[in-house]
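# Model the structure of this input:
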Amino acid sequence: MGSAIADASGPSPDRFSQVLAMLEAAPSARVLAGARDARPVIVPEELLIPTSRCLLPQALDCLDPRDIGRLIEALDDCHRIGYGRAELRFLAADPEPVTIHIFDTCDAHEVRLCVLTVEDPESAFLDRLNERQAGLTRLRMTHDRYGTIVGIDEPLERLLGYRDQEMVGARSSDYIHPDDMPAGYSNWVDLLEDPSQPRLQRMRYRAGNGKYVWLDITFTNRLDEEGVIVCGCVDVSADVEAQQRVAERERLLHRLTESLPLGVVQIDADGQICHANDRLAVVLGFALQAGIAELAERVAPDQRPRLEDGVRRVLAGEDVDVQVLINPVRGRPRVCQVNLRCLTTEDGSNGALICITEVTEAVRLQQELEYQATHDALSGCLNRTAILRFLDEQLKLDAANPEAPATVFVDLDRFKMANDRFGHAVGDEILAAVGGRLRNILRPGDAVGRLGGDEFLVVFRHVASRSEAQRLRDRVDATLSSDIKLAVGTIWSSGSVGVSWSADPTVSADEMVAAADSAMYAAKRASARSRVLHAKVHPARDGMERNATGGSLHGGSQ
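Next up, the predicted model:
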């Protein structure tokens, strides 16, 4: 088909053969005929073009008025060089872009032939357009050169709500809507200056009830032949009302999105932005200019795949919610909740509506509440419930792993004595200092919690052997056995420590804690630096108990 068009403006081409070639190449293509003066006419039977491939003369009546200029330019090209081409839009349900190819075949067949094509070779759009036009009543009104109505058929007068040739003798300008007058006057002058080209315009005529009726009007200059200008009219009020309803819905959607306290952006199937409200730039800290890919570039690198996967899924038809950290052009990073909802367009492709809300403060409050619910306020360690849950989770995760968790039970020596002597404030300082020291010796993934009073539980993950568990116990013991600087002075600290470890996958968290607790108490009773082994879980336990003179805790200088 492309080669058939390529030489359309060449010297003396066989343009009718080009028309036939285009029809053969494009099953959905249709033919329209026009007289020398550009009036649409029925395709002559002698051309032997099947009726099923021909359009009615009024097929162009529902052409979008915005494209009338393009059609006129294509007609002018055809008049000058024998071929014209234009991209056109029609006012119809489920419209498709149409290309019109105009061939000057007047010398051979007394008509110009127009081939209308659409991109989809299986499309029935042009046939539906033909059927729609076949069902429209073509109305007629005639004027003299000064715009005075000299004739009007009964159907048009009935449509407008007048009777008995009431409009005859009046000027059309008395009935045309004021907003349509400038374009109407310009078309009228052009038609008088160049009678060869008809003029198409959509305008409103005032009806007898004071309301306006939308008409698509084709003005044809017949002053030389008939002494009149003929206006072929088609009532398109229903189409215009439908378009106005769509436009009103779009305006309502726009106002709605602008009133929302969150950012809203609509994207097409290619991720390009169709609409974004003003709030979006405020939420994000920057404006999206072209596509959703710009947003992904501002997302924290480790979270970018999460957003990109969400976009892929929503464009595949799945609703998705993700939360990501966004780095604006200026200012602090912000946490945003991104809700992606699939939109299916008229052509069946998927776009998406994306709502973005900044939730930085909400996430911070949630994290703070979670921290408070799982941590001990004095020591900064996990609380009893959280550390026992952590141990239980690790035992389940490592049930089939020879590197099982080791549990170290810590009891501070003579904490009550220091607490009674120096006061609860000093006792709180000691707990905070011990908690900090224990957290400092943790490996990645380990945890420490305060069970209550002066008791702590340290859980070391992935411990390969009993001897490694002993070394970790020694590490805990060493970090406890040193001075603690407090507001009242320096206090010596130490603790009794018991450790449990087992390669038995059936051992429970309660058994692990009980074994470590038992080992800790055995350490209190044993001599300094002794080791006590527990028979059931094969742990290594140790503790240290100082004599009454030195004590486990004693005051330093004030």
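
# where does Arg202 land in three-state SS?
Following DSSP: H, G, I helix; E, B strand; the rest coil, the label given to Arg202 is strand.

# Could you pull out the helices in the stretch 101-250 of the chain for me?
Along the stretch 101-250 of the chain, the stretches classed as helices by DSSP state H, counting those that start in this stretch are 106-109, 125-134, 154-160, 181-193, 237-259.

# which stretch in those is the model least sure about?
Within the helices of the stretch 101-250 of the chain, the stretch with the lowest mean pLDDT is helix 125-134, showing a mean of 77.

# So for this structure, the centremost residue is which one?
Centroid-nearest residue in the chain: Ile354, 3.6 Å away (criterion: CA atoms, centre = their mean).

# picking that back up, mind checking which of the helices of the stretch 101-250 of the chain is nearest Asn383?
Of all the helices of the stretch 101-250 of the chain, the one in closest proximity to Asn383, counting by CB to CB, is helix 237-259 (44.8 Å). The way it works is simple: take the backbone N, C-alpha and C, and place the C-beta from them, glycine included.

# And for Leu32, the neighbour number?
Around Leu32 sit 25 other residues, with neighbours defined as other CB atoms under 10 Å.

# hang on, the residue nearest to the centre of the chain packs against Asp268?
No - using CB atoms under 8 Å as the test, Ile354 is too far from Asp268 to be in contact (12.0 Å).

# circling back: what's the helix or strand that contains the residue nearest to the centre of the chain in contact with?
Taking DSSP states H and E as the definition, Ile354 sits inside strand 350-358. In this structure, residues lying in contact with strand 350-358 by CB atoms under 8 Å, 6 or more residues apart in numbering are 260-269, 274, 280, 283-284, 292, 311, 314-317, 334-345.

# beta partners of Arg222?
When bridges are taken as DSSP bridges, the partners of Arg222 come out as Val228.

# ok, it to Pro195 distance?
When CB to CB, to the nearest Å is the yardstick, Arg222 and Pro195 sit 8 Å from each other.

# residue contacts, the nearest residue to His143 once chain neighbours are set aside?
Setting aside the residues directly before and after it, His143 is nearest to Ile229 in space (CB to CB, 6 or more residues apart in numbering), at 4.8 Å. Contacts here follow CB under 8 Å, 6+ apart; on that basis Ile229 touches Thr142, His143, Asp144, Arg145, Leu191, Phe219, Thr220, Asn221, Arg222, Leu223.

# Please verify my assumption that the second one contacts Ile152.
Just to be clear, that refers to His143. No - between His143 and Ile152 there is no contact, the gap being 9.8 Å when judged by CB under 8 Å.

# could the helices of the stretch 101-250 of the chain go into JSON lines alongside mean neighbour count?
As requested, the helices of the stretch 101-250 of the chain are arranged in JSON lines below (neighbours: other CB atoms under 10 Å):
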{"stretch": "helix 106-109", "mean neighbour count": "14"}
{"stretch": "helix 125-134", "mean neighbour count": "18"}
{"stretch": "helix 154-160", "mean neighbour count": "17"}
{"stretch": "helix 181-193", "mean neighbour count": "14"}
{"stretch": "helix 237-259", "mean neighbour count": "12"}
